[in-house]
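Peer 1: okay, predicted coordinates and the sequence, questions at the end:
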Amino acid sequence: MSPFDKELLERVLYRCSCGSRKPISSLYFCRHCLDLRCGFCVSHEVDSHYCPNCMENMPSAEARLKKNRCANCFDCPHCGHTLSTRASSVSVPSPDDPTKHIAKKVYYLACAFCRWTSREIGLPDQTVASGAWPEQNNPASERIATLQEHYRTIAQREKMEKESRRFLGRKLSYLHLSDKYGLSSVAARKRSGLSSLALGGGLAGTGREDMGRPLDIAPATAVNLNEINDLPTELLTDPIDLYNVTSLEQRFAQLEFQPESVDNIYPTHKHLMIKRSQRCRRCEHNLSKPEYNPTSIKFKIQLAAYYHVPELVIFKIDPMQIGTTSKFIIKVVNPTNSGSVLTFLTLQQYQAVREEEDRNRKDKGEEDKNVSAINPLRQPSIVEATDQRMDIATARVELPTSKVYLPPRDDAAEFDEGGVDLAGHVDDRDVVMWRKSNKVGVQLKVHPEQAEVLVGFAIQYEYTNTIFAHDSKKEVRTANITVPVFLKLGTIQQN
């Protein structure tokens with residue numbers, strides 16, 4: 001089984017601060033809130049746009065103008081893979097002597113997966129590799145651009161009206177709406193037989209009266225369904241060649257034209273991809289921020305949970321039976337550069353610890369500390385999930401009462417011939433089975449009660465925060481963090 005298999009990753013789940021259960025590879029750790037964050041607890045921001053094929057970086061304004069597509073790269077309209085530019089030579093008459101022919105290099109688009117080429121649809125070859133390939137013209141593009149400009153102006157006007165609170169305290173009637181969107185003036189001009197409404201006469205408040213370009217915002221003409229011709233009878237009598245009919249995926253890839261036959265499908269510009277940064281929704285500090293360069297896979301900030309939270313791995317499980325006690329060993333890995341002490345708590349003890357922390361926070365008046373540090377007026381938007389219950393465990397687990405010391409991570413420990421430095425701690429031989437560098441094997445006992453064995457408990461460890469607070473005079477702070485963990489030990493085969 002692959003280590004990245006979804007079934008294997010979900011065998012050890014950590015409970016996020018919002019209540020959802022996720023593997024440690026899907027969680028972040030906020031060093032300011034000292035809490036776990038999942039994909040629902042972070043806000044996603046777009047940092048940059050880039051083409052995944054040519055790796056060209058593009059500003060947001062330019063990407064919006066080009067409809068989030070690359071101008072130089074194309075996707076195959078038949079299978080969707082990236083098209084490559086191929087070169088070939090053709091014989092053309094010489095400009096000096098028409099009786100003679102010379103070889104000229106031309107370029108065309110080809111798909112290396114399905115062998116589709118641009119010559120199949122009659123697309124002319126280009127003389128340069130990065131030439132402007134012919135594209136289909138949408139007959140409704142001008143109409144769509146006109147409507148977008150019109151409603152963009154209306155949205156801007158509504159924003160100004162909202163800021164000035166012009167319509168505060170009164171409701172908008174039909175007369176207000178018809179006058180606001182220009183429907184009454186359009187209908188009056190159509191009844192009188194006049195031309196389309198111009199920006200200079202009647203569309204007040206748009207802010208573009210000086211352009212003088214006619215703006216047709218009249219709705220489309222209604223068509224009687226009884227006058228529309230029925231489908232041709234050949235569809236019911238003649239056999240259909242499925243090789244020449246486009247599929248739904250091919251039609252959806254070109255919504256403007258929706259070609260019916262494969263002879264009319266054109267290459268589509270490749271979609272742009274983004275690099276995104278993620279912020280904590282409670283304190284708005286960055287949890288993940290990649291490099292701006294599209295070719296770089298490094299991160300400026302990457303506060304993944306497996307860099308700050310001890311990782312639990314199911315190491316060994318003895319044969320289990322319902323109603324009997326079995327043993328299993330978990331491997332605990334300390335990813336930080338500072339030593340820590342691990343304590344195991346039941347879920348009931350975890351609930352008591354959280355209630356005590358909430359009471360202490362209220363007594364000290366620290367409710368407002370979770371307000372955004374960047375924008376103090378913004379309230380935290382984290383809502384705890386109600387469907388992620390704590391009582392999902394199907395087996396009782398016996399937790400050790402002694403504490404387990406986790407040595408710091410040392411990359412050169414494998415070359416050290418000495419033993420592990422326990423810093424004065426003494427291991428319980430009934431609990432600690434083995435040690436190696438920053439890894440320790442801990443033995444637990446389980447009492448299965450159902451065929452599906454799932455245990456739940458909480459780990460409490462000492463976390464050394466390396467971020468210097470302004471009010472702590474650059475002193476390293478240490479905090480006790482408690483995280484609930486759920487382990488899927490497997491299924492008992494019943495005879």
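Peer 2: On my side now, so go ahead. Residues are numbered from 1 along each chain as shown.
Peer 1: mind exporting the top helix by length along the chain as CSV, just the C-alpha atoms?
Peer 2: Looking across the chain with DSSP state H, the single longest helix is helix 141-164. C-alpha atoms of helix 141-164 as CSV (Å, rounded to 0.1, in the frame of the first residue of the first chain):
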residue,chain,number,x,y,z
SER,A,141,-19.3,38.7,-28.0
GLU,A,142,-20.1,42.4,-28.7
ARG,A,143,-23.6,42.0,-27.1
ILE,A,144,-22.1,40.3,-24.0
ALA,A,145,-19.4,42.9,-23.7
THR,A,146,-22.0,45.7,-23.9
LEU,A,147,-24.2,44.1,-21.2
GLN,A,148,-21.1,43.5,-19.0
GLU,A,149,-20.1,47.1,-19.3
HIS,A,150,-23.7,48.3,-18.6
TYR,A,151,-24.2,46.1,-15.5
ARG,A,152,-20.7,46.9,-14.2
THR,A,153,-21.7,50.6,-14.3
ILE,A,154,-24.9,49.7,-12.5
ALA,A,155,-23.0,47.8,-9.8
GLN,A,156,-20.6,50.8,-9.3
ARG,A,157,-23.6,53.1,-9.0
GLU,A,158,-25.2,50.8,-6.5
LYS,A,159,-22.0,50.8,-4.5
MET,A,160,-22.0,54.5,-4.4
GLU,A,161,-25.6,54.6,-3.4
LYS,A,162,-25.0,52.1,-0.6
GLU,A,163,-22.1,54.2,0.7
SER,A,164,-24.2,57.4,0.7
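Peer 1: for residue 359, pull up the helix or strand it's in.
Peer 2: Using DSSP states H and E, residue 359 falls within helix 347-363.
Peer 1: mind checking the pLDDT average for that helix?
Peer 2: For helix 347-363, mean pLDDT rounds to 85.
Peer 1: stretch 307-315 too?
Peer 2: What stretch 307-315 shows for mean pLDDT is 91.
Peer 1: may I see the buried residues of the longest helix of the chain?
Peer 2: Across helix 141-164, burial judged by 16 or more other C-beta atoms under 10 Å covers 150, 153, 154. The way it works is simple: take the backbone N, C-alpha and C, and place the C-beta from them, glycine included.
Peer 1: what is the nearest of those residues to residue 131?
Peer 2: When those are ranked by distance to residue 131 (C-beta to C-beta), residue 150 comes first, at 35.4 Å.
Peer 1: how much space between that closest one and residue 159?
Peer 2: Computed with C-beta to C-beta, to the nearest Å, the distance linking residue 150 and residue 159 is 15 Å.
Peer 1: ok, now residue 119?
Peer 2: According to C-beta to C-beta, residue 119 stands 50 Å off from residue 159.
Peer 1: and for residue 345?
Peer 2: From residue 345 across to residue 159, the span is 52 Å (C-beta to C-beta).
Peer 1: residue 74 - that's part of a helix, no?
Peer 2: No: read with DSSP: H, G, I helix; E, B strand; the rest coil, residue 74 is strand and lies in no helix.
Peer 1: give the full set of residues in contact with it.
Peer 2: 82, 83, 109, 133, 267, 268, 269, 270 (C-beta atoms under 8 Å, 6 or more residues apart in numbering).
Peer 1: residues contacting the second one?
Peer 2: Read that as residue 83. Counted by C-beta under 8 Å, 6+ apart, residue 83 has contacts 73, 74, 75, 76, 109, 110, 111, 118, 267.
Peer 1: show me the beta-bridge partners of the nearest residue to the last one once chain neighbours are set aside.
Peer 2: Using C-beta to C-beta, 6 or more residues apart in numbering and skipping residues adjacent in sequence, the residue nearest residue 267 is residue 74, 3.9 Å away. For residue 74, the beta-bridge assignment (DSSP bridges) gives partners residue 269.
Peer 1: CSV please, covering the buried residues of helix 141-164 and showing distance to residue 89 and pLDDT.
Peer 2: Shown next, in CSV, are these (distance: C-beta to C-beta, whole Å; pLDDT from 0 to 100):
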residue, distance to residue 89, pLDDT
150, 51, 87
153, 53, 87
154, 56, 87
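Peer 1: which among those residues gets closest to residue 281?
Peer 2: When the buried residues of helix 141-164 are ranked by distance to residue 281 (C-beta to C-beta), residue 154 comes first, at 32.0 Å.
Peer 1: now the helix or strand hosting residue 84, how far from the chain's geometric center?
Peer 2: Under the criterion of DSSP H and E, residue 84 resides in strand 83-93. Computed by C-alpha atoms, centre = their mean, to the nearest Å, the chain-centroid distance of strand 83-93 equals 41 Å.
Peer 1: swap in stretch 145-153?
Peer 2: With C-alpha atoms, centre = their mean as the basis, stretch 145-153 stands 30 Å off its chain's centre.
Peer 1: ok, now stretch 432-447?
Peer 2: That offset, for stretch 432-447, works out to 36 Å (C-alpha atoms, centre = their mean).
Peer 1: please apply the same query to stretch 333-347.
Peer 2: The answer for stretch 333-347 is 30 Å, by C-alpha atoms, centre = their mean.
Peer 1: what is the subsequent helix or strand relative to the helix holding residue 359?
Peer 2: Using DSSP H and E, the first helix or strand after helix 347-363 is strand 395-398.
Peer 1: just the CA coordinates of the helix holding residue 359, formatted as PDB?
Peer 2: Extracted in PDB, the C-alpha atoms of helix 347-363 (Å, rounded to 0.1, in the frame of the first residue of the first chain):
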ATOM      1  CA  LEU A 347     -11.600  12.200  25.900                       C
ATOM      2  CA  GLN A 348     -13.500  13.000  29.200                       C
ATOM      3  CA  GLN A 349     -10.300  14.500  30.600                       C
ATOM      4  CA  TYR A 350      -9.800  16.500  27.400                       C
ATOM      5  CA  GLN A 351     -13.300  18.000  27.800                       C
ATOM      6  CA  ALA A 352     -12.500  18.900  31.400                       C
ATOM      7  CA  VAL A 353      -9.300  20.600  30.300                       C
ATOM      8  CA  ARG A 354     -11.000  22.600  27.600                       C
ATOM      9  CA  GLU A 355     -13.700  23.800  30.000                       C
ATOM     10  CA  GLU A 356     -11.100  24.800  32.500                       C
ATOM     11  CA  GLU A 357      -9.200  26.800  29.800                       C
ATOM     12  CA  ASP A 358     -12.500  28.500  28.800                       C
ATOM     13  CA  ARG A 359     -13.200  29.500  32.400                       C
ATOM     14  CA  ASN A 360      -9.700  30.900  32.900                       C
ATOM     15  CA  ARG A 361     -10.000  32.900  29.700                       C
ATOM     16  CA  LYS A 362     -13.300  34.400  30.700                       C
ATOM     17  CA  ASP A 363     -12.000  35.200  34.200                       C
END
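Peer 1: from residue 405, how far out is the closest residue to residue 409 other than its chain neighbours?
Peer 2: Residue nearest to residue 409 in three dimensions, not counting chain neighbours: residue 438, with 4.6 Å by C-beta to C-beta, 6+ apart. The gap separating residue 438 from residue 405 is 11 Å, by C-beta to C-beta.
Peer 1: any common contacting residues for these two?
Peer 2: By C-beta under 8 Å, 6+ apart, no residue touches both residue 438 and residue 405.
Peer 1: okay, now residue 459: neighbour count?
Peer 2: Residues lying near residue 459 (other C-beta atoms under 10 Å) number 21.
Peer 1: many thanks, I have nothing further to ask.
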